Every structure is written in C-alpha cells, then in structure tokens.
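K.L.:
everything below, folded, please.
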Amino acid sequence: MDVNIVISTLQRKVSELTLANTMLEAKVLDLTAQVNQLNTINQEKPSENAINGNEDQTQKLNDGFSDTDKPRST
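P.N.:
Model (predicted):
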C-alpha cells in the first residue's frame, strides 16, 4: 500500500472526525442552554410546583382509598 494513500485516508478521517466533533459540541451547547432555561423556569415557580405536587399526592391517596372502600364481590 502506498504511503500517500494511507496519509490521504488518515487526513480524510481526521477531517470527518473534526466535523463530527464540532457538530457534537454545538449540540452539547444547545442542550446545555435548554437545561439552563428549564432550570430557570423551575426556579421561578417553586411554590406552584409544590402546590401541584401536593394536589397530585392528594389525588393518589384519594384514588387509593376509593379502591379499598369499594365492596368486594364474592
């Protein structure tokens, strides 16, 4: 195998990997920005989230009680 072919192949692979790396870095930055945005939204509404969480827990408890209160058919 000719050395020039090997060098050319390696250069092409390095270019492909550099492009893939650049694309992945951009994706990481985009996802990081999205996470930061979601964290900001969550920090702005902590009391609303707590109220909704309590309502959800109350509903689950009520659902659990209604299942046990039903008459059993034998």
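K.L.:
tally of neighbours for Leu38?
P.N.:
A count of nearby residues for Leu38, using other Cβ atoms under 10 Å, gives 10. No exception for glycine: its C-beta is placed from N, CA and C like everyone else's.
K.L.:
for Met23, same thing?
P.N.:
By other Cβ under 10 Å, 10 other residues sit near Met23.
K.L.:
what does Arg12 give?
P.N.:
If we define neighbours as other Cβ under 10 Å, then Arg12 has 10 of them.
K.L.:
what sits against it?
P.N.:
If a contact means Cβ atoms under 8 Å, 6 or more residues apart in numbering, then Arg12 has no contacts.
K.L.:
what strand or helix carries it?
P.N.:
Element membership of Arg12, judged by DSSP states H and E, is helix 3-44.
K.L.:
report the mean confidence score over that helix.
P.N.:
For helix 3-44, the mean pLDDT works out to 96.
K.L.:
number of nearby residues for Leu19?
P.N.:
Using other Cβ under 10 Å, Leu19 has 10 neighbouring residues.
K.L.:
what of Ala20?
P.N.:
By the measure other Cβ under 10 Å, the count of residues near Ala20 is 10.
K.L.:
now do Glu16
P.N.:
10.
K.L.:
so who does Thr22 touch?
P.N.:
For Thr22, no residue meets the contact criterion (Cβ under 8 Å, 6+ apart).
K.L.:
relative to Ile5, how far out is it?
P.N.:
Thr22 sits 26 Å away from Ile5, going by Cβ to Cβ, to the nearest Å.
K.L.:
repeat for Thr40
P.N.:
Noted for Thr40: a distance of 53 Å to Ile5, by Cβ to Cβ.
K.L.:
over to Asp63?
P.N.:
For Asp63, the distance to Ile5 equals 69 Å [Cβ to Cβ].
K.L.:
then Val28?
P.N.:
Taking Cβ to Cβ, one finds Val28 at 35 Å from Ile5.
K.L.:
what is the burial count for Thr9?
P.N.:
Residues lying near Thr9 (other Cβ under 10 Å) number 11.
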